[in-house]
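K.L.:
starting from these lines, generate the structure:
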Amino acid sequence: IMAELLICPLCKSIIADSIDGIAIYDCGHIIHGACFYDLHHQSYLCFVCGIWSSHILFP
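P.N.:
So this is what the prediction gives:
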């Protein structure tokens, strides 16, 4: 899947438009970096599927 087609499940904006990077959970779900910090307060629980991540990748 191309990044420009991915939509952040929190803010419903296009992932490729992110200016604050992205957060990738162990389960593979992706959200904007700003959404991760603002809404999750650095929680490692995936907003989409509820799976706990051992770490979050910020490429």
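K.L.:
from here on, just use CA atoms for contacts and neighbour counts.
P.N.:
Fine.
K.L.:
tell me the phi and psi of the spatially most central residue of the chain?
P.N.:
Closest to where the C-alpha atoms of the chain average out (CA atoms, centre = their mean) is Ile31, at 1.9 Å. Main-chain dihedrals, Ile31, degrees, to the nearest 10: phi -140, psi 160.
K.L.:
that one and Ile15 touch, don't they?
P.N.:
Yes. Under the contact definition of CA atoms under 8 Å, Ile31 touches Ile15, with a separation of 7.0 Å.
K.L.:
anything in contact with each of those two?
P.N.:
Shared contacts of Ile31 and Ile15 (CA atoms under 8 Å, 6 or more residues apart in numbering): 7-8, 22.
K.L.:
need the residues you listed in CSV (columns: secondary structure).
P.N.:
Below are the shared contacts of Ile31 and Ile15 laid out as CSV (DSSP: H, G, I helix; E, B strand; the rest coil):
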residue, secondary structure
Ile7, strand
Cys8, coil
Ile22, strand
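K.L.:
ok, so of these, who is nearest Phe58?
P.N.:
Taking CA to CA as the measure, Phe58 lies nearest Ile22 of the shared contacts of Ile31 and Ile15, at 5.9 Å.
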